[in-house]
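>>> Below: sequence and its predicted model.
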Amino acid sequence: MGLDIVEVVMRCEEIFDVRLEPIRLEQMRTVGDLFELICEQLNLPGGATMREPLAGATLPLIAIPAGGWSKDNVWTKLVQICVDQLQVEADQVKYAASFVDDLGAD
């Protein structure tokens, strides 16, 4: 795992207040993989999840949304983190996007 991805993971751990297991992170390749790991740690129920950024959606940088995290706002925040850390456009951050191949992370 390259430095860019490590920084994304560390930011996610800080913002979502979770600890992601290194062994699970070694298998992570896509934004969707990271999203699922975060949702698992937050004990969010299975089922349909947000796959594309919510147009114009914004959340405070670190604050937990009123009512706690939902899959939709976890996804929106994860997109924001990727845009900020990897300097990519929000429309590039898709569920199936590879951190290395699609987002240019090292």
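Noted; the coordinates are in hand.

>>> ok, and the closest non-adjacent residue to the residue nearest the centre of the chain?
Note on the chain: the residue nearest the mean C-alpha position is residue 78, at 3.2 Å, using Cα atoms, centre = their mean. Residue nearest to residue 78 in three dimensions, not counting chain neighbours: residue 35, with 5.6 Å by Cβ to Cβ, 6 or more residues apart in numbering. Bear in mind the C-beta positions are built from the backbone N, C-alpha and C, glycine included.

>>> check contacts around the one you found.
Contact analysis of residue 35 by Cβ atoms under 8 Å, 6 or more residues apart in numbering lists 49, 74-75, 78, 95.

>>> Which ones among these lie within helices?
Judged by DSSP state H, the subset of those located in helices is 74-75, 78.

>>> Just name the closest of those to residue 31, please.
residue 78 (6.8 Å; Cβ to Cβ).

>>> Can you tell me how far that closest one is from residue 69?
Distance, residue 78 to residue 69, using Cβ to Cβ, to the nearest Å: 11 Å.

>>> What of residue 18?
Distance, residue 18 to residue 69, using Cβ to Cβ: 10 Å.

>>> hey, what's in contact with both of those two?
Residues touching both residue 18 and residue 69 (Cβ under 8 Å, 6+ apart): residue 42.

>>> Of these two, which one has the most company?
residue 69 (20 against 15; other Cβ atoms under 10 Å).

>>> quick one: secondary structure of that one?
Of the three states, residue 69 takes coil according to DSSP: H, G, I helix; E, B strand; the rest coil.

>>> Cross-check the contact I'm expecting between it and residue 45.
No. Using Cβ atoms under 8 Å, residue 69 is not in contact with residue 45, being 11.7 Å away.

>>> before we move on, the earlier item: for the ones in helices among the contacts of residue 35, give me TSV that also has pLDDT and distance to residue 5.
Shown next, in TSV, are the ones in helices among the contacts of residue 35 (pLDDT from 0 to 100; distance: Cβ to Cβ, whole Å):
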residue	pLDDT	distance to residue 5
74	93	18
75	93	18
78	95	13
